[in-house]
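Asks: what would the 3D arrangement of this be:
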Amino acid sequence: MTTFRKFAYTYRMERLARRELTHGDGRRLFLYGANDGATLPQDAPGGAWPALHLRHDALRDRWVAISPARNTRPQTAPTAQTPSDETPPCPLCVGGPELPFPYEAAVFENRFPTLLASPPTPPTLEGATAPSRGRCEVVLYTPTHTGSLATLSAEELARVVAIWTDRSAELFAAPDLQAVLVFENRGEDVGATLSHPHGQIYALDHLPIHLRERVDAIAAHRDTTGTCLHCDIVATDADAPGRHLVDNPSFTVGVPFAPDWPYEVHVRARRHGARRLTDLTTAERRDLAAALRDVVHVYDQLFDTPMAYLMACHQAPRADAGPVDDWHLSFEFLPPNRGPDKLKVRATVETAAGLFINDTVPETSAAQLREVATRTAGVTHAPIPDVEVVPEGTTAPAGT
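Replies: A predicted model of the protein is given here:
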């Protein structure tokens, strides 16, 4: 049985003001934290995405997004490279095209979207097409150009979780949206084009195939066993010390039983009913922030260099998408490394057939990660505060 130490911290509630602005091309910008009332220039032309649409893959019953504008995204030097006169400026730093004034944290609608609230009419082709309806947002964790979830201050990290929660609440409230995916692509090895600490949010008007598979698995497990699939996974993971990584009161943190990737780590809510970020208590939000910091810190210490990864937050889709009561919120880290200087590349059988081949024994990978976590467990972090997002100008007492 895992025992969690309790500390006599007094947590304070930080009121994080939110202010909404609009770029000249019509994209929304949300400023979080202090700001001096600065405005955005309004001389930018409106966006035009004539080729943006979805195509239906009839063989696999899934939708594929066609988004040529993504090829025009900016790219800056990687974090490890020293900027020079030839290095393109970072568009996410203060003074860039997205934030021309100082900020603490922000969210803006993507300049190069895959999905739009009001998408263009899809073309009429030989197969089924549909509008690329949804939302694509960029989340800026900090104005500082370098860093990660492992190096953000306690306040910055708590704000990121609060911002994810705030945006998820609005997006799930939109009647045309089915799923909200918070994610982060970190490092050039997974295709990240900007090194500034940031993540993204995609909200979709349909259930993508991998989310649909999860909903179906949850329903099938309930029909077969009468129990919650995620509760059973939590219990199994909690009783598997060989895959356990770090202790956390609200989340299991460890290598999953059948991972696709050698150093894959899942952070899963223990409590039944914690289906989305908006369902978490203030204590659970603190524990989530700590768990994410712990995982990224361990990754970066494993090979003594920042590890690239894909991070996906899986929240329960809308209820009309299927039976989702048994869904537990999870953050899943998918790093491509299979060694300090080796990357796993999806082979033919993995890409064509969906049969992933893991080059390592999960318990062996977990042992390596756990050794790093144990060795660095003495690192002292400031307590993570409670953060509540409120519209700018709100004067009502903060919640508890």
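Asks: sketch out the low-pLDDT regions of the chain for me.
Replies: Per-residue confidence for the chain (pLDDT under 70) gives these ranges: 1-12, 44-47, 71-88, 395-400.
Asks: which SSE is the residue nearest the centre of it in?
Replies: By CA atoms, centre = their mean, the mean C-alpha position of the chain lies nearest to F183, the distance being 2.4 Å. Assigned by DSSP states H and E, F183 belongs to strand 179-186.
Asks: check contacts around the residue nearest to the residue nearest to the centre of the chain when sequence neighbours are not counted.
Replies: Among residues not flanking F183 along the chain, A312 sits closest, at 4.8 Å (CB to CB, 6 or more residues apart in numbering). In short, each C-beta sits where N, CA and C put it, glycine included. Residues counted as contacts of A312 (CB atoms under 8 Å, 6 or more residues apart in numbering) are L181, V182, F183, F331, E332, L334.
Asks: next one: phi and psi at A312?
Replies: phi -120, psi 130 (degrees, to the nearest 10).
Asks: which among the contacts of A312 count as buried?
Replies: Among those, the ones that count as buried by 16 or more other CB atoms under 10 Å are L181, V182, F183, F331, E332, L334.
Asks: hmm, which two among those are most spread apart?
Replies: V182 and L334 (14.3 Å; CB to CB).
Asks: which parts of the protein are helices?
Replies: 154-173, 209-225, 229-238, 282-302, 348, 362-375 (DSSP state H).
Asks: can you redo these as CSV with distance to R276?
Replies: CSV is the format used below for the helices of the chain (distance: least, CB to CB, whole Å):
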stretch, distance to R276
helix 154-173, 6
helix 209-225, 13
helix 229-238, 13
helix 282-302, 11
helix 348, 36
helix 362-375, 27
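Asks: of all those helices, which one comes closest to I66?
Replies: Here helix 209-225 is closest among the helices of the chain (CB to CB), at 16.7 Å.
Asks: what lies in contact with that closest one?
Replies: 60-62, 179, 207, 227-230, 232, 314, 317, 321-324, 326-327.
Asks: hmm, try it at 7 Å
Replies: R60, R62, A179, L207, L229, P317, A321, G322, P323, V324, D326, W327 (CB atoms under 7 Å, 6 or more residues apart in numbering).
Asks: out of these, which end up buried?
Replies: Neighbour counting by 16+ other CB under 10 Å classes A179, L207, L229, P317, G322, V324, D326, W327 among the contacts of helix 209-225 as buried.
Asks: in this structure, which residue sits furthest out from the middle?
Replies: The chain, farthest from centre, CA atoms, centre = their mean: E126 at 35.6 Å.
Asks: W164 and L288: what is the separation?
Replies: Distance of W164 to L288, given as CB to CB, to the nearest Å: 9 Å.
Asks: actually, T22.
Replies: In terms of CB to CB, T22 sits 31 Å off from L288.
Asks: which of these two has more neighbours?
Replies: Per other CB atoms under 10 Å, whichever of T22 and L288 has more neighbours is L288, with 27 against 13.
Asks: for the spatially closest residue to that one that is not a sequence neighbour, which residues are in contact?
Replies: Distance criterion CB to CB, 6+ apart; nearest residue to L288, sequence neighbours excluded, is V161 at 5.9 Å. Listed by CB under 7 Å, 6+ apart, the contact partners of V161 are R285, L288, A289.
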